[in-house]
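Asker: have a look; sequence and predicted model below, questions after that.
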Amino acid sequence: MKSIVKTVICTVKTDGDYSHLFDYEDIVHYADHIEGVLKVLDISKLPVKSPLQLSEILRETGADRIVIAGIHPGMHKGIFANAMLRIGKKAEDVILADFTEYAILNGKSTEMAKAVLLCAVKGIEPSSVLIPNEYEIMPDTLVIGGGIAGIQASLEIANGGQKVYLLERTGTIGGHMAMFDKTFPTLDCAACILTPKMVEVGQHPNIEIITYSDVRKVEGSPGNYTVTIHKKARRVDINTCIGCGTCAEKCPRTAPSEFDSKTTLRKAIYISFPQAVPNKYLIDADHCTYVENGKCGVCVKVCPVPDCINLDEKDTEIKIKVGSIIVATGFKVFDASRATQFGYGKYPNVLTSLEFERIINASGPTDGNITFRTQDKKGNWIFTKDSGEPESIAIIHCVGSRDEHFNKYCSKVCCMYSLKLAHLVKEKIHHADVYEYFIDMRAFGKGYEEFYERIKGEGVHIIRGRTAKIEQKGNKLILRSEDILNEKIIEQEVDMVILSVGLEPTEDSKNLASLLGLQTDNSGWFNEANYTIDQVNTYTGGISIAGLCQGPKDIPDTVAQASAAAARVLQRIIRGSVKGSIKDLSLRFVEEKIKALM
């Protein structure tokens, strides 16, 4: 039987992303009744800026140990350790009970916070008692999302000899990376890195690609999930389509090309891009004349393969059984029209960074030439090869990020991709004047600071300050911005503006989280089991996350996390079992475990 250590609990309350999940009054009431707890104090009412005063308060309590409990309590540990040393106690007797490590569980956060707190008071590592039961696991795996994260995870698992279902909601795998021209900081060709992996996925005997589909229902338990998948009708048989393109040539209907970020048009029957996997056509039902009114059918008439196109095909549902699920659903870019001060959607030559990625790409609508956006005969605003070349371009950072009105968080990659775009402009149009307006330059990764210094040496004008407004005067765009280093407000006249839009969770992230029993933060990013030591597992047994669905990150970090998620899956399969869900544990379960240990 362990001796009882006299403990004082100091609670930390914050107004952050997770504070609304906890009932602090209930937690304090529970803490008051834990054996050995002398007192529960509110840190906000303590003199934390004065170690001397704090030490006197701690001396009066007679405590041998201090437990700082709440959301990210580590920021207070130093001052309490100092105070404990002043009264002859040990700094290591200041213990942290961080609720964010195990307790961010919608609906059960308060109960799990009590469990974490109890472990801290009893001097027990939470991971030693918060251990769910183990269940037998099926070897097959479902990967949701066919971007670089999903591709990497699928290949790792499949190369380990296991079956993988790779699910993608669009008509091809590849994700956003397939849209990029170059990667930073090496300026390698994005397609040269990605497309060989796409081909390998398409040809791998252990990978079954399910495109144009999404998850509708998840049933079962860890290690034995039954997933219902809704397959949208492609209306083109991928087994017989030869990808000749005759159907698209003759199709009379057009629609904005999603792959080209709507900078140009595609046909109603289309392949997203020439290297798509599967390299098969599909019909966009929202823009097909036959689907709308039963007329047309030109594609059926000109198709050289009999019965390849079935315009009356209906959506279907299939069910698969898997033991593990990896979520790799990626991100969407911020809708720049929400930031009305920049005039996106109003001024044709204010465009987003993703749109610029497509026009600067050799496989894009302008064959890589930087041109103006113009109207075609039908009034569509698109980019064409012969619509003139800008001589001055401004790039505005942090559009939709680090902004109280939109997203408070930093999107992490915008500084670097903005520098990359500046370099590509100077590479294509040597004489062009390029201006970068930034708040803080966050060159955080390997080789990133060196890349920043390189771009500064290429003649790019890098200006620190926020842009307040963009207006159009004639054919010119007028930027009103700060120049903080020179302490002045400036007006800059340019031909084109690129908005470096931030990253956001996909539209269906919260719905998918509900289906899978996962948690999201206030912004909609998926929560990991432990940010410091377990960024790939979740509170739901057998379900992992990888890539940008967890939060903004660059391609190298995405690939590393995808490989880590795959490694966790292979570990489970080799072991033959998977741990249940932490979210299914109860406070009573933890109390009994601790009682047995004591």
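Answerer: Good, I have the coordinates.

Asker: run through the residues that contact Leu439.
Answerer: I think there's a mix-up here, since residue 439 is Ile and not Leu. Applying Cβ atoms under 8 Å, 6 or more residues apart in numbering to Ile439 gives the contacts 397-398, 402, 464-466. No exception for glycine: its C-beta is placed from N, CA and C like everyone else's.

Asker: could you save those as CSV and add columns showing pLDDT, distance to Leu282 and neighbour count?
Answerer: Below are the contacts of Ile439 laid out as CSV (pLDDT from 0 to 100; distance: Cβ to Cβ, whole Å; neighbours: other Cβ atoms under 10 Å):
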residue, pLDDT, distance to Leu282, neighbour count
His397, 97, 37, 26
Cys398, 96, 37, 25
Arg402, 95, 38, 19
Arg464, 96, 46, 17
Gly465, 94, 46, 18
Arg466, 92, 43, 15
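
Asker: now, which of those residues sits nearest His423?
Answerer: His397 (15.1 Å; Cβ to Cβ).

Asker: ok, now which ones touch the closest one?
Answerer: His397 neighbours (Cβ under 8 Å, 6+ apart): 414-415, 418, 436-439, 500.

Asker: repeat for Lys412
Answerer: Contacts of Lys412 (Cβ under 8 Å, 6+ apart): 442, 444, 503, 552-554.

Asker: closest one of these to Pro222?
Answerer: Lys553 (26.4 Å).

Asker: tell me the secondary structure for the closest residue to that closest one other than its chain neighbours?
Answerer: The spatially closest residue to Lys553, leaving aside those adjacent along the chain, is Lys412, at 6.1 Å (Cβ to Cβ, 6 or more residues apart in numbering). Using DSSP: H, G, I helix; E, B strand; the rest coil, the structure places Lys412 in coil.

Asker: how is this protein carved up into domains?
Answerer: According to automatic domain parsing, the chain comprises the domains 7-132+585-597, 134-225+322-331+505-580, 233-314, 333-503.

Asker: tell me the most buried of the ones you listed?
Answerer: Of all these, domain 134-225+322-331+505-580 has the most neighbours on average by mean count of other Cβ atoms under 10 Å, namely a mean of 21.

Asker: how long is that domain from one end to the other?
Answerer: 6 Å (Cα to Cα, to the nearest Å).

Asker: ramachandran angles for the nearest residue to Gly74 once chain neighbours are set aside?
Answerer: Distances taken as Cβ to Cβ, 6+ apart place Leu96 nearest to Gly74, at 5.8 Å, with adjacent residues excluded. Backbone geometry at Leu96, expressed as degrees, to the nearest 10, gives phi -100, psi 140.

Asker: Leu96 pairs with what?
Answerer: Beta bridges link Leu96 to Ile68 when assigned by DSSP bridges.

Asker: what sits against it?
Answerer: 67-69, 73-74, 77, 120.

Asker: and for Glu208?
Answerer: Shown in contact with Glu208 (Cβ under 8 Å, 6+ apart): 163-166.

Asker: against Lys295, how distant is the residue nearest to Gly74?
Answerer: Leu96 is 69 Å from Lys295, where distance means Cβ to Cβ, to the nearest Å.

Asker: next: Ile283.
Answerer: 14 Å.

Asker: tell me, what residue is most central in the chain?
Answerer: In the chain, the residue lying closest to the centroid (Cα atoms, centre = their mean) is Leu548, at 2.4 Å.

Asker: apart from its chain neighbours, what residue comes closest to that residue?
Answerer: Phe331 (4.3 Å).

Asker: shouldn't that neighbour be in contact with Leu503?
Answerer: Yes: taking contacts as Cβ atoms under 8 Å, Phe331 lies within contact range of Leu503: 4.5 Å.

Asker: quick one: contacts for Ser577?
Answerer: Ser577 neighbours (Cβ under 8 Å, 6+ apart): 134-137, 223.

Asker: just those: which are in helices?
Answerer: Among those, DSSP state H puts none in helices.

Asker: need the residues you listed in a markdown table with pLDDT and distance to Ile209, can you?
Answerer: What follows is the contacts of Ser577, written out as a markdown table (pLDDT from 0 to 100; distance: Cβ to Cβ, whole Å):
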| residue | pLDDT | distance to Ile209 |
| --- | --- | --- |
| Glu134 | 94 | 31 |
| Tyr135 | 95 | 28 |
| Glu136 | 97 | 28 |
| Ile137 | 97 | 23 |
| Gly223 | 96 | 24 |
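
Asker: low-scoring stretches of the stretch 251-400 of the chain, by residue?
Answerer: Low-confidence segments of the stretch 251-400 of the chain (pLDDT under 70): none present.

Asker: now do the helices in it.
Answerer: Per DSSP state H, counting those that start in this stretch, the stretch 251-400 of the chain carries helices over the ranges 289-293, 298-302, 353-359.

Asker: turn the ones you listed into JSON lines, columns for distance to Asn530.
Answerer: Formatted as JSON lines, the helices of the stretch 251-400 of the chain follow (distance: least, Cβ to Cβ, whole Å):
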{"stretch": "helix 289-293", "distance to Asn530": "48"}
{"stretch": "helix 298-302", "distance to Asn530": "52"}
{"stretch": "helix 353-359", "distance to Asn530": "32"}
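
Asker: closest to Leu479 out of these?
Answerer: With respect to Leu479, and counting by Cβ to Cβ, the nearest of those is helix 353-359 at 16.3 Å.

Asker: quick one: the closest residue to Thr467 other than its chain neighbours from Val497, how far?
Answerer: Sequence neighbours aside, Ser481 is the residue nearest to Thr467 in space, at 4.3 Å (criterion: Cβ to Cβ, 6+ apart). For Ser481, the distance to Val497 equals 11 Å [Cβ to Cβ].
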